[in-house]
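Trainee: Test case, fold it:
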Amino acid sequence: MEGVLSGFAVIAVVIGVGFLIGRRGHLGENGREVLTRLAFHVATPALLFTTLAQADLSVILSGRLLVTAASTFAVTGVFVAIGAVRRWGVGRTTIGALCSGYVNAGNLGIPIAVYVLGDASLVAPVLLFQQLVMTPVALTVLDLSRPGERAPLWQRVTAPVRNPIGVGSLCGVAVSASGLTVPGPVLDPLTLIGNMSVPAVLLAFGISLCGSTLPGRGPERAPVLLSVALKSVGQPLAAWALASGVLGLRGAPLLDVVVTAALPAAQNLFTYASRYRVGEVLARESILLSTMLAVPVLVVVAATLG
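Mentor: Numbers count the residues shown, from 1 in each chain. Model (predicted):
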């Protein structure tokens, strides 16, 4: 469990630094917004490009991807259905659905895969699925549901390729699929810029905690608790049922997919919520609660299936 604890410790420290920055006002009143824009428009697209440009796309056809996709669709579908019945709104429901099934496969999943599962490549199917399917679809929905005049048809059709996150992902996949090697003078600056993504997201998240109430007690109580329950309990159970009952996985392969599904909601979801100014409290509280619950959940999963 050293990998689990060390991964969470790193995240907690950086978020804590962001909280102190917010309390002391070192970045001014717009510090969080600047960090969010930096992550959304510059750092995260660079990170996704450099990651996917060097990825082995053959993992898309793996059985782990099937479990990831099916368990994600199951929990997000439940949230969307309940959100529609409760009339939570398109944007808010989209953010809540992401918090229900979008796992922290990057800055937390990779160290856990290395120290707990013994292979960092085990999170690759999740990373690719989230960046190639979930993110473009969700951001397109958020783009099209923004208040104001209805966007022209050409804008609606081209929304995925005009979004910085989508552009970075698609360009990275194109390079990987072509078999080309990005020259060092081009890749190195992009890697350096991409390295700002995770710290910027975590710092912005920490700043957002200043003056906030305890999670799960405000007006967003219902969607927050629903998304956390689906993320922390529903998705791991769905992954276990699909992997063992449908694919017949046992032993280490079963442990791999369930541990991955049990990871908490990713911090970059707060960046999306802040960027589109919808569901910010929902995203912040869902991420915080699912991260807190992830430690006991992962310990139980490892003890049961390990």
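
Trainee: Got phi/psi on residue 103?
Mentor: The phi/psi pair for residue 103 (degrees, to the nearest 10) reads phi -90, psi 160.

Trainee: That one and residue 78, how far apart?
Mentor: Taking C-beta to C-beta, to the nearest Å as the measure, residue 103 falls 16 Å from residue 78. C-beta coordinates here come from the backbone N, C-alpha and C atoms, glycine included.

Trainee: between those two, who's got more neighbours?
Mentor: Between residue 103 and residue 78, residue 103 has the larger neighbour count (other C-beta atoms under 10 Å), namely 25 against 19.

Trainee: Leaving out chain neighbours, which residue sits closest to that one?
Mentor: residue 263 (4.0 Å; C-beta to C-beta, 6 or more residues apart in numbering).

Trainee: The one you found: what secondary structure?
Mentor: Secondary structure assignment for residue 263 (DSSP: H, G, I helix; E, B strand; the rest coil): coil.

Trainee: which ones are touching it?
Mentor: 103, 104, 105, 108, 109, 112, 294, 298 (C-beta atoms under 8 Å, 6 or more residues apart in numbering).

Trainee: For these, which entry has the maximal number of neighbours?
Mentor: Comparing those by number of neighbours (other C-beta under 10 Å), residue 112 comes first, having 27 neighbours.

Trainee: pretty sure that one is touching residue 259, no?
Mentor: Yes: applying C-beta atoms under 8 Å as the test, residue 112 and residue 259 come out as touching, 6.9 Å apart.

Trainee: Can you work out which residues contact both of these two?
Mentor: Contact criterion C-beta under 8 Å, 6+ apart; residues bridging residue 112 and residue 259 by contacting each: residue 298.

Trainee: now the closest residue to residue 27 other than its chain neighbours: how far from residue 193?
Mentor: Among residues not flanking residue 27 along the chain, residue 21 sits closest, at 5.9 Å (C-beta to C-beta, 6+ apart). In this view, residue 21 and residue 193 are 21 Å apart by C-beta to C-beta.

Trainee: Residue 25: neighbour count?
Mentor: Counted with other C-beta under 10 Å, residues neighbouring residue 25 total 11.

Trainee: what does residue 131 give?
Mentor: 25.

Trainee: Model confidence for it, exactly?
Mentor: On pLDDT, residue 131 comes in at 78.

Trainee: For the host helix or strand of residue 293, buried residues please.
Mentor: Residue 293 is part of helix 280-305, with elements assigned from DSSP states H and E. Neighbour counts using 16 or more other C-beta atoms under 10 Å place 280-291, 293-294, 297-298, 301-302, 305 of helix 280-305 among the buried residues.

Trainee: what's the closest non-adjacent residue to residue 54?
Mentor: The shortest distance from residue 54 to any non-neighbouring residue, by C-beta to C-beta, 6+ apart, is to residue 176 (6.9 Å).

Trainee: Can you give me every residue that contacts that neighbour?
Mentor: With contact taken as C-beta under 8 Å, 6+ apart, residue 176 is in contact with 52, 53, 54, 55, 56, 57.

Trainee: want to try CSV for those residues, with distance to residue 131 and pLDDT as columns?
Mentor: What follows is the contacts of residue 176, written out as CSV (distance: C-beta to C-beta, whole Å; pLDDT from 0 to 100):
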residue, distance to residue 131, pLDDT
52, 7, 81
53, 12, 87
54, 13, 82
55, 10, 74
56, 14, 75
57, 12, 73
